Each structure stands twice: as structure tokens, then as C-alpha cells.
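**Student:** no sequence on this one, just coordinates:
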């Protein structure tokens, strides 16, 4: 389980965003992301921290959110098969 350091040099939401970005880059998350509340529990942070992290990832172009469907890895940013 990823460790978020509340006293670390980066804000908690940046640590969460960076970890999720890494998980996307290495192919651990390839399509739909877990629900934000599930991610909050997984990372041991507040729901709003995950929401803020998702906003950062959307700004970076790594994810897209579809109302009523969920949050997905941006198809343009998925790792290539066999890469």
C-alpha cells in the first residue's frame, strides 16, 4: 500500500497524484480507475484529497472523467502494448 507522508515536502494530494500517475505509466491501471472513495481508503487520506489529486491528473492529461460512468486513463496516454 502506498505511503502518503503528511509531513513530506509535497502536499498529500500531489503525492497521491504522482503515485497514481506512476501506476498508470507502469500499466498497473490501464482503463478505469477505482472509485475516489476507494482510493481515499487505499491511500489513507480524505476523500477531498483524492478529488484534488484527480483534478491534477486531469490537468496533466492523464485521465478523463465521464459523468455517471467514472474516471478513465486517457486513451492517448495509455502505455503501448508490449512497451
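**Tutor:** Looks like it arrived, so ask away. In this text the structure is predicted, and so the values were computed from the model without any measurement.

**Student:** quick one: the strands in this structure?
**Tutor:** Along the chain, the segments classed as strands by DSSP state E run 63-66, 70-73.

**Student:** Show me what counts as buried in stretch 10-22.
**Tutor:** Buried residues in stretch 10-22, defined by neighbour count with 16 or more other C-beta atoms under 10 Å: 12, 13, 14, 15, 16, 17, 18, 19, 20, 21. All C-beta atoms are positioned from the backbone trio N, CA, C, and that covers glycine.

**Student:** Surely residue 61 is in contact with residue 24?
**Tutor:** No - the criterion here is C-beta atoms under 8 Å, and residue 61 misses it with residue 24 at 11.1 Å.

**Student:** And these two? Which one has more around it.
**Tutor:** With neighbours defined as other C-beta atoms under 10 Å, residue 61 and residue 24 compare such that residue 24 has more, 20 against 10.

**Student:** Could you report the pLDDT at that one?
**Tutor:** pLDDT, residue 24: 96.

**Student:** What separation do you get for it and residue 62?
**Tutor:** Counting by C-beta to C-beta, to the nearest Å, the separation of residue 24 from residue 62 is 6 Å.

**Student:** One more: residue 44?
**Tutor:** 22 Å.

**Student:** Look at these two and report which has more neighbours.
**Tutor:** Between residue 44 and residue 62, residue 62 has the larger neighbour count (other C-beta under 10 Å), namely 21 against 14.

**Student:** ok, now how distant is that one from residue 12?
**Tutor:** Using C-beta to C-beta, residue 62 is found at 18 Å from residue 12.

**Student:** and if you look at residue 41?
**Tutor:** Going from residue 41 to residue 12 by C-beta to C-beta gives 14 Å.

**Student:** same deal with residue 38?
**Tutor:** Distance from residue 38 to residue 12, by C-beta to C-beta: 17 Å.

**Student:** hang on, residue 17 packs against residue 57?
**Tutor:** Yes - under the criterion of C-beta under 8 Å, residue 17 makes contact with residue 57 at 5.4 Å.

**Student:** any idea how far residue 66 is from residue 58?
**Tutor:** Residue 66 is 12 Å from residue 58, where distance means C-beta to C-beta.

**Student:** Spit out the residues that contact these two alike.
**Tutor:** Counting by C-beta atoms under 8 Å, 6 or more residues apart in numbering, no residue touches both residue 66 and residue 58.

**Student:** Good, we can wrap up now.
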